[in-house]
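S.K.: Below: sequence and its predicted model.
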Amino acid sequence: MAETHVLFVEDDDVIREATQLALERVGFTVTAMPDGLSGLEAFRADRPDIALLDVMVPGLDGVSLCRRIRDESTVPVIMLSARADSIDVVLGLEAGADDYVTKPFDGAVLVARIRAVLRRFGHAAGPEGTGQGGTEGEAEGLGGVLAFGDLEVDTDGMEVRRGGEQVALTPTEMRLLLEFSSAPGTVLSRDKLLERVWDYGWGGDTRVVDVHVQRLRTKIGQDRIETVRGFGYKLRG
């Protein structure tokens, strides 16, 4: 099985080299770049399986780089930020990132988050990962095409149409929609969505859920997912 290829963009030499060594030690292949422009070039040349982007890199910042990557690919992206309360975290998620990790981070935590995202996207999760995971397993048993007004969710073909037009979703957005469509009208809490969609076995930042719901609404209709204040979200049937 081919090794998982990680693109890591970080301008701090010490962090970049130490993290690269830590990831390579557990079996990942790593391309490490010091700035956003070289990171974009490496992404286009190597087509990695996942990208780790520091928010504050020179040349092309991490948020802009994430946006450029998302324009070209649905490859998973994890943002790295020195401040958990930074507006840059939200901007990164809005730009298309799938998750974020706060610096300084423990190497084991970063590896766990990478593997969780890769499982969600159906990649092998590295030598100690659980292999294929992700959307196909979640969709099993739903079967066929589910219709919600002008919205159609093909759970076998992993396709979504709105008004007959195909809607392009990232794998994370698709996983999120599958959770909603498997139980229309049922309120799903943010913590439950973090557990089911992001594979968080521990408390996570609910902003990840909120931003992804906002992104999903722009694609399938603002009124399709209802906010139930104080409890979570539900899909309108």
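M.R.: Okay, I see it. Residues are numbered from 1 along each chain as shown.

S.K.: Okay, now the unreliable bits of this structure?
M.R.: Within the chain, the segments meeting pLDDT under 70 span 1-2, 84-86, 123-143, 201-204.

S.K.: ok, now which residue in it is the farthest from the centroid?
M.R.: residue 149 (27.1 Å; Cα atoms, centre = their mean).

S.K.: give the contact list for it.
M.R.: Contact analysis of residue 149 by Cβ atoms under 8 Å, 6 or more residues apart in numbering lists 221, 224, 236. Where you see a C-beta, it was placed from the backbone N, CA and C, and this is true even at glycine.

S.K.: how much space between it and residue 159?
M.R.: Here the criterion is Cβ to Cβ, to the nearest Å. By it, residue 149 lies 17 Å from residue 159.

S.K.: same check, this time on residue 211
M.R.: Taking Cβ to Cβ, one finds residue 211 at 23 Å from residue 159.

S.K.: Settle it for me: which of the two has more neighbours?
M.R.: Using other Cβ atoms under 10 Å as the criterion, residue 211 and residue 159 rank with residue 211 on top: 20 against 15.

S.K.: What number of residues are in the vicinity of the closest residue to the more buried one other than its chain neighbours?
M.R.: Closest residue in space to residue 211, ignoring its immediate chain neighbours: residue 93 at 3.9 Å, by Cβ to Cβ, 6 or more residues apart in numbering. For residue 93, the count of nearby residues is 25 (other Cβ under 10 Å).

S.K.: circling back: which one (most neighbours) among the contacts of residue 149?
M.R.: residue 224 (19 neighbours).

S.K.: Go ahead and confirm that one touches residue 217.
M.R.: Yes: taking Cβ atoms under 8 Å as the definition, residue 224 is a contact partner of residue 217 at 6.8 Å.

S.K.: tally of neighbours for residue 144?
M.R.: 10.

S.K.: residues in contact with residue 100?
M.R.: Residue 100 neighbours (Cβ under 8 Å, 6+ apart): 78-81, 89, 92-93, 205, 208.

S.K.: which SSE is it in?
M.R.: Here residue 100 sits within strand 99-102, counting by DSSP states H and E.

S.K.: so what does the helix or strand just after that strand touch, helix or strand wise?
M.R.: Tracing the chain C-terminally past strand 99-102 and defining elements by DSSP H and E, one meets helix 107-120 next. Counting contacts by 3 or more Cβ pairs under 8 Å, 6 or more residues apart in numbering; DSSP states H and E, helix 107-120 is packed against helix 13-25, strand 50-54, strand 77-81, strand 99-102, helix 171-181.
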